[in-house]
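**Student:** mind looking at a prediction? Sequence and model below.
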Amino acid sequence: MHRQATQREPLRNHTAPDACGKNGDWESIRIFLEIIRSGSFRAAADRLGMSFGVVRRRVVALEQHLGTLLMTRHTGGIRLTAEGERIAAAARQMEIASHAIVRANESMSSQISGNVKISTTEGTGTFWLIPRLVELQRAYPGLLIDFNCTMSPADVSNLEADVSVQLRRPSSPNLKITRLGRLHTMPFAAQSYIDLFGMPKTLEEMGRHRYALHISEQTQAEKLFTELFPGKPWSGLVAMTANTASAHLWSISKGIGIGWLPTYAHLIGGRIVPVEVGPRFKLDVWLAYHPDVTKIARVRRVIDWIKDSFDAKKFPWFGDDFIHPNDLPQSYLGEPLINLFEGFVQHKPVPNDKPGFAA
């Protein structure tokens, strides 16, 4: 989407008296709204990429210009005054209008070029969408894809991203929401780990093994793991936790412990084997965007590309039904997925009868 409307950039140096100008300053109002959404000055500064001092000065200048106190600070965050509530309501209407202007302006162009911002979970972005991006980029070299890989969903309605791919269904009624597919996960371990500690055959045996967990808001791995081993202390059971999917996959592949991964994980080069016992989880993958962005040709084309990337007819591991990792090579007829990572990982030639497996 339009870079000026979405990019979080530090403000140029302004002094408090002229920060709001004669009729107020939209940038200061935008900061005011971000403080409300974030719940504190510090959190808003982090999200905006500004210093705490700049954020505080802009709000003080806005209050001086309006001649009223907008909010008070408390140990738990901020609290709006009655005047602040009224200003916030008007500011939200200004924000909606400004977004409409941006969308209307960009919808007049039919060219497949320019910036499109995609917000996605770190694993989906790193291991699925980004490696496949070259096909889109070669077809439309004028596109600039801005990936924001994070486990915190972007506020698409507020233009933090043009489109969002996430594992939790968005609740906003103003968004167009599509279920892209289903992510099936099961326990995996490196062969080096199995050689050293053995393959667990029962749930009881699983309680004597070591684990690597991906702790994030959307995966809820911590809750699920606690339910699997109720009352069992993590000390001696959990070897490592990580907040990113890449660190999680790497730790399992290096033999740190057993961990839950998508069923297609070893098709992309992970030197891991499935563990047959233990629960298998499924997570729906959701696509969200504001309906107005489909009027913009480049965003519409990116949305089509994302949908195609999760087509279960092409990529059966995203279907509703669980397919065992050992059966995926027979279900998948496309190019070996390990080729997506060529140049990043070394791999031996893949046997013709097993398309997709790393040797």
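**Tutor:** Right, received. Where do you want to start? Just so you know, these numbers come straight off a predicted model, no measurement behind them. Residues are numbered from 1 along each chain as shown.

**Student:** neighbours of the closest residue in space to residue 200 that isn't next to it in sequence, just the number please.
**Tutor:** Using CB to CB, 6 or more residues apart in numbering and skipping the chain neighbours, the partner closest in space to residue 200 is residue 206 (4.6 Å). All C-beta spots, glycine's among them, are computed from the backbone N, C-alpha and C. Residue 206 has 19 neighbours, counted by other CB atoms under 10 Å.

**Student:** same check, this time on residue 49
**Tutor:** For residue 49, the count of nearby residues is 11 (other CB under 10 Å).

**Student:** next one: phi and psi at it?
**Tutor:** With angles defined as degrees, to the nearest 10, residue 49 shows backbone torsions of phi 70, psi 30.

**Student:** now do the contacts for the residue nearest to residue 200.
**Tutor:** 187, 200, 228, 258, 277-278 (CB atoms under 8 Å, 6 or more residues apart in numbering).

**Student:** measure it to residue 247 for me?
**Tutor:** The gap separating residue 206 from residue 247 is 22 Å, by CB to CB, to the nearest Å.

**Student:** also residue 66?
**Tutor:** Counting by CB to CB, the gap from residue 66 to residue 247 is 46 Å.

**Student:** just residue 337 next, same as before
**Tutor:** According to CB to CB, residue 337 stands 21 Å off from residue 247.

**Student:** and the closest residue to residue 240 other than its chain neighbours, how many neighbours?
**Tutor:** Nearest residue to residue 240, sequence neighbours excluded (CB to CB, 6+ apart): residue 212, at 4.8 Å. Counted with other CB under 10 Å, the neighbours of residue 212 add up to 27.

**Student:** residue 212: what secondary structure?
**Tutor:** Classification of residue 212 by DSSP: H, G, I helix; E, B strand; the rest coil places it in strand.

**Student:** tell me who's in contact with it.
**Tutor:** Shown in contact with residue 212 (CB under 8 Å, 6+ apart): 238-242, 248, 251-252, 256-259.

**Student:** in JSON lines: these, plus distance to residue 72, secondary structure and neighbour count.
**Tutor:** Output for those, formatted as JSON lines (distance: CB to CB, whole Å; DSSP: H, G, I helix; E, B strand; the rest coil; neighbours: other CB atoms under 10 Å):
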{"residue": "238", "distance to residue 72": "42", "secondary structure": "strand", "neighbour count": "18"}
{"residue": "239", "distance to residue 72": "46", "secondary structure": "strand", "neighbour count": "17"}
{"residue": "240", "distance to residue 72": "42", "secondary structure": "strand", "neighbour count": "15"}
{"residue": "241", "distance to residue 72": "37", "secondary structure": "strand", "neighbour count": "17"}
{"residue": "242", "distance to residue 72": "39", "secondary structure": "strand", "neighbour count": "19"}
{"residue": "248", "distance to residue 72": "42", "secondary structure": "helix", "neighbour count": "26"}
{"residue": "251", "distance to residue 72": "45", "secondary structure": "helix", "neighbour count": "20"}
{"residue": "252", "distance to residue 72": "48", "secondary structure": "helix", "neighbour count": "28"}
{"residue": "256", "distance to residue 72": "48", "secondary structure": "coil", "neighbour count": "20"}
{"residue": "257", "distance to residue 72": "48", "secondary structure": "coil", "neighbour count": "20"}
{"residue": "258", "distance to residue 72": "50", "secondary structure": "strand", "neighbour count": "25"}
{"residue": "259", "distance to residue 72": "45", "secondary structure": "strand", "neighbour count": "28"}
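
**Student:** of those residues, closest to residue 136?
**Tutor:** residue 248 (26.6 Å; CB to CB).

**Student:** what pLDDT does the model give that closest one?
**Tutor:** Note for residue 248: predicted pLDDT of 93.

**Student:** what of residue 297?
**Tutor:** Looking at residue 297, its pLDDT reads 89.

**Student:** now do it against residue 311, distance only.
**Tutor:** Counting by CB to CB, the separation of residue 297 from residue 311 is 22 Å.

**Student:** which of these two has more neighbours?
**Tutor:** Per other CB under 10 Å, whichever of residue 297 and residue 311 has more neighbours is residue 297, with 17 against 13.

**Student:** neighbouring strands for the biggest strand by length in the chain, and are they parallel or not?
**Tutor:** Ranked by residue count, the top strand of the chain under DSSP state E comes out as strand 176-190. Using DSSP bridges, the strands paired with strand 176-190 are strand 259-262 (antiparallel), strand 272-274 (antiparallel), strand 281-289 (antiparallel).

**Student:** domains in the chain, by residue range?
**Tutor:** 3-107, 113-359 (automatic domain parsing).

**Student:** hey, least reliable of the ones you listed by pLDDT?
**Tutor:** Out of the domains of the chain, domain 3-107 stands lowest, with a mean of 72 (criterion: mean pLDDT).
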